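K.L.:
Could you work out the structure for the sequence below:
(chains A and B)
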2 protein chains.
Amino acid sequence: MSLYKLSERIFELEKQGRMIVKLNIGNPGLPTPALLVQAAEKAIADGKTFYASGQGEKKLLEKIASMHGAEVKNATVTPGSKWAIYGLMKILLQPGDNIVTPGPFWSAFELIAKNLGGSCKLVKTHAEDRWNFEPDALIEAVDSKTKLIIVNSPLNPTSTEYDTKDLRAVYEYAQDKKIQVLVDEAYRDLSFQNTDLTHYEEYVNVTNTFSKAYCMSGWRAGYLVASEELSKKLVELNQITFTNVPLFTQAAMLAGLENRQSVTKATRDACASRLKMAEEVFDGIEYVKPDAGFYMFLKCPGKNGGKVAEAALEKGVAIVPGANFGGYNEYVRISLSHPEAVLQPALEKVRQAMDENG
Amino acid sequence: MSLYKLSERIFELEKQGRMIVKLNIGNPGLPTPALLVQAAEKAIADGKTFYASGQGEKKLLEKIASMHGAEVKNATVTPGSKWAIYGLMKILLQPGDNIVTPGPFWSAFELIAKNLGGSCKLVKTHAEDRWNFEPDALIEAVDSKTKLIIVNSPLNPTSTEYDTKDLRAVYEYAQDKKIQVLVDEAYRDLSFQNTDLTHYEEYVNVTNTFSKAYCMSGWRAGYLVASEELSKKLVELNQITFTNVPLFTQAAMLAGLENRQSVTKATRDACASRLKMAEEVFDGIEYVKPDAGFYMFLKCPGKNGGKVAEAALEKGVAIVPGANFGGYNEYVRISLSHPEAVLQPALEKVRQAMDENG
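P.N.:
Below is the predicted model:
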């Protein structure tokens, strides 16, 4: 069952009245910060409820561009980073083409590639290497049909960061071979090391979302920073699909970026404190210590992540089997997506499910 | 220049500080009604800012389904009707396939079909027939590669309604041949005759938007009512693209549908009163009297819609050349998209542009 089928099934169970603690969804489980909400409400009150540019509002584009060392012509506001990923693949891939990405990975990459008639070549990495990839192994997977390399750091589902040197090696290879790279840094602002945003360079495109550090998951807010040519094509696609991200949503996004340090710190701190608690619950379980919020990718003692996820769901807690992240069947991914009061008993049920299926 | 390139160019001019009265955009130019805004704000206050179902919320789906004589399994909430159209074509069309629609038409149909590697077969209609189509002519255009017939009534850009008998003939043909039809009734609730919403039947899918009658253009709110199979595929596409329509947007949509008569009447009345004014300004110009808000499709005395649109833009008023609606080069489309105080002088400038290029 895919990440999304699972998610839809849980929404179904909830519609039927079942209470499920959703640790399957990549959501910080915090309300959208008040200053973002206020910016949106002010925009609505100011009449910003009309059709708008498919690229985005100038001030927001300027802010996004400046954060990545790019220009306004390189920035496009999108309804989530997922749309940026879909749009970029829609532009770059023809049927039969492929993308290359290290695994474990966010399966949306593969679902999107397949939906567009392409495929996803996964280069598996291992817990022993802290889930780092070998640049040579990644490069070896690139063939004449490869149109995009995706690197997601910090990584969903492990919350580990790739080695900067390894990323650099991939960027330089891609620039040399004129292959597009997409850096998905959805979790960058949740990095406990507070690592920098990726600088835009030719062939090194960047996407980010407001769903995680800015607690705007349901609003659908993200962006792509890319070449002018790719950006123009994305805006054209936006115009014939969803048209525009609402202006009031863009107002909230801008308020978020203008207060980036304080807003993201609050989310990061919540993640750090939940992780500390979770580490106690999962004492003795194998996992690589996360560099960022808010996932844990845990090796199940019984080596059957699917069985553990089913057992947890029976107990009222939804988590995702590792099979969904590129065939890591021994693992489960847990989102630390609720405040401690809800999270602690839910995690204990997951631990029970692990121990009972050990 | 396509509808969207024009629109983006005007946003560009505005970013540069030019004042443009935008009669090129299909927008009622009224604030979102307070009760809809309040419903959204209450939802935000209630914490409805998280990821949600890619199909939509149960209560909203039930309401939409009941309005079209369908079931919840047939309804999907979309970010505008344009997404429903894109999604349906994405599901139905393979490269080389086509759609059939009467012209003049909303050019998004063709832009979407082309973007997906397909094409659009236009069956031209004429002002003398009040822009009605001949069912036999439409059917004749259908070939083995036709995967969808689209009928948009009331029609963008003419605001005329198709004859019910003609529509019925197309539905029955499609059901007989198992070809999907999409009824785009974006302007149905602006029909001065207050004609009924289309009843869902197998092969007769319906899309609608909240951009027009509900004054929610920038929010991106719409839906598709379709077979269970198509609906499931659309939800899958939603999940790997924009994820969900925000729950607070859905709350506004539900409030709108629950107050459909009063909310849409206010917009309809505004349209009727603006149309009356516009008819005075364009006295002597050839056009078919609209059955609904809020477009006028005017034949330029000089038979050069492109030239008139350019001249109007010089005067600070954006309108769309008829070439954008299927090669109706003698025409221009005007959206009555502002309250009278702004609209009247803008329309007079358009009239001047017509007279100066007559």
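K.L.:
wait, A:F210 sits on A:M216?
P.N.:
Yes. Contact criterion Cβ atoms under 8 Å: A:F210 and A:M216 qualify, at 4.0 Å. Using the backbone N, CA and C atoms, a C-beta is placed for each residue, glycine as well.
K.L.:
Run through the residues of the stretch 201-350 of chain A sitting next to chain B.
P.N.:
Counting by Cβ under 8 Å from any Cβ of the partner chain, the stretch 201-350 of chain A comes close to chain B at A:211, A:215-220, A:235-237, A:239-244, A:246-249.
K.L.:
Not counting its own residues, what contacts the top helix by length along chain A?
P.N.:
Of all the segments of type helix in chain A, defined by DSSP state H, the longest one is helix A:260-281. Applying Cβ atoms under 8 Å, 6 or more residues apart in numbering or on different chains, the contact partners of helix A:260-281 are A:28, A:30, A:33, A:35-36, A:189-192, A:194, A:212-215, A:256, A:290, A:292-294, A:296, A:334, A:336, A:339-340, A:343-344, A:347-348, A:350-351.
K.L.:
Could you find the closest non-adjacent residue to A:L92?
P.N.:
For A:L92, ignoring the flanking residues on the chain, the nearest one in space by Cβ to Cβ, 6 or more residues apart in numbering or on different chains is A:K147 at 4.3 Å.
K.L.:
gap between the strand or helix carrying the one you found and the chain center?
P.N.:
For A:K147, the host element (DSSP states H and E) is strand A:146-152. Strand A:146-152 has its C-alpha centroid displaced from the chain centroid by 15 Å (Cα atoms, centre = their mean, to the nearest Å).
K.L.:
show me the contacts for the residue nearest to A:N115 when sequence neighbours are not counted.
P.N.:
Leaving aside its sequence neighbours, A:N115 sits nearest to B:I240 (Cβ to Cβ, 6+ apart; 5.9 Å). Contacts for B:I240 (Cβ under 8 Å, 6+ apart) come out as A:4, A:82, A:86, A:108, A:111-112, A:115.
K.L.:
rerun at 6 Å
P.N.:
A:108, A:111-112, A:115 (Cβ atoms under 6 Å, 6 or more residues apart in numbering or on different chains).
K.L.:
State the mean pLDDT of the strand holding A:K147.
P.N.:
Averaging pLDDT along strand A:146-152 gives 98.
K.L.:
tell me the domain ranges of chain A?
P.N.:
Using automatic domain parsing, the domain parsing of chain A gives A:3-26+A:261-356, A:34-259.
K.L.:
mean pLDDT lowest for which of those?
P.N.:
Looking at the domains of chain A, the weakest mean confidence is domain A:3-26+A:261-356, a mean of 94.
K.L.:
distance between that domain and the chain's centre?
P.N.:
So, by Cα atoms, centre = their mean, the centroid of domain A:3-26+A:261-356 is 16 Å from its chain's centroid.
K.L.:
Can you get me the start-to-end distance on that domain?
P.N.:
Start and end residues of domain A:3-26+A:261-356 are separated by 24 Å (Cα to Cα, to the nearest Å).
K.L.:
Find the nearest non-adjacent residue to A:E356, please.
P.N.:
Ranked by Cβ to Cβ, 6+ apart and with sequence neighbours excluded, the top spatial neighbour of A:E356 is A:A311, at 6.3 Å.
K.L.:
tell me, how many neighbours does the one you found end up with?
P.N.:
By other Cβ atoms under 10 Å in any protein chain shown, 21 other residues sit near A:A311.
K.L.:
Checking it next. Helix, strand or coil?
P.N.:
Following DSSP: H, G, I helix; E, B strand; the rest coil, A:A311 is assigned to helix.
K.L.:
and what of A:E236?
P.N.:
helix.
K.L.:
Now it. Nearest residue, chain neighbours left out?
P.N.:
With Cβ to Cβ, 6+ apart, the residue lying closest to A:E236 is B:Y4, at 7.0 Å.
K.L.:
Point out the residues in the stretch 51-200 of chain A that sit beside chain B.
P.N.:
A:51-53, A:58, A:79-80, A:83, A:86, A:108, A:111-112, A:115 (Cβ under 6 Å from any Cβ of the partner chain).
K.L.:
outside of stretch A:98-110, which residues touch it?
P.N.:
A:3, A:82, A:113, A:118-125, A:133, A:141-142, A:145-146, A:148-150, A:152, A:156-157, A:324-326, A:328, B:240.
K.L.:
Keep only those of those residues that are in strands.
P.N.:
A:119-124, A:146, A:148-150, A:152 (DSSP state E).
K.L.:
List just the nearest of those to chain B.
P.N.:
A:C120 (12.5 Å; Cβ to the nearest Cβ).
K.L.:
neighbours of the nearest residue to the closest one once chain neighbours are set aside, just the number please.
P.N.:
Using Cβ to Cβ, 6+ apart and skipping the chain neighbours, the partner closest in space to A:C120 is A:E110 (3.9 Å). Per other Cβ under 10 Å, the neighbour tally for A:E110 reads 23.
K.L.:
cool, and the one 5 residues further on?
P.N.:
Other residues lying near A:N115 total 17 when counted by other Cβ under 10 Å.
K.L.:
One more: the one 4 residues further on?
P.N.:
Close neighbours of A:S119, defined as other Cβ under 10 Å, add up to 16.
K.L.:
Who is it paired with across the strands?
P.N.:
Using DSSP bridges, the bridge partners assigned to A:S119 are A:N98.
K.L.:
gap between it and B:G117?
P.N.:
Relative to B:G117, A:S119 is positioned 18 Å away (Cβ to Cβ, to the nearest Å).
K.L.:
Quick one: distance of the longest helix of chain A to the chain centre.
P.N.:
17 Å.
K.L.:
Please identify the buried residues of stretch A:249-261?
P.N.:
Under the neighbour-count criterion of 16 or more other Cβ atoms under 10 Å in any protein chain shown, stretch A:249-261 has A:249-257, A:259 buried.
K.L.:
Kindly report the same for stretch A:19-27.
P.N.:
So for stretch A:19-27, counting by 16+ other Cβ under 10 Å, buried means A:20-27.
K.L.:
same thing with stretch A:345-358?
P.N.:
Counting neighbours by 16+ other Cβ under 10 Å, stretch A:345-358 gives A:346-347, A:349-351, A:353-354, A:357 as buried.
K.L.:
repeat for stretch A:99-106
P.N.:
Within stretch A:99-106, judged by 16+ other Cβ under 10 Å, the buried ones are A:99-106.
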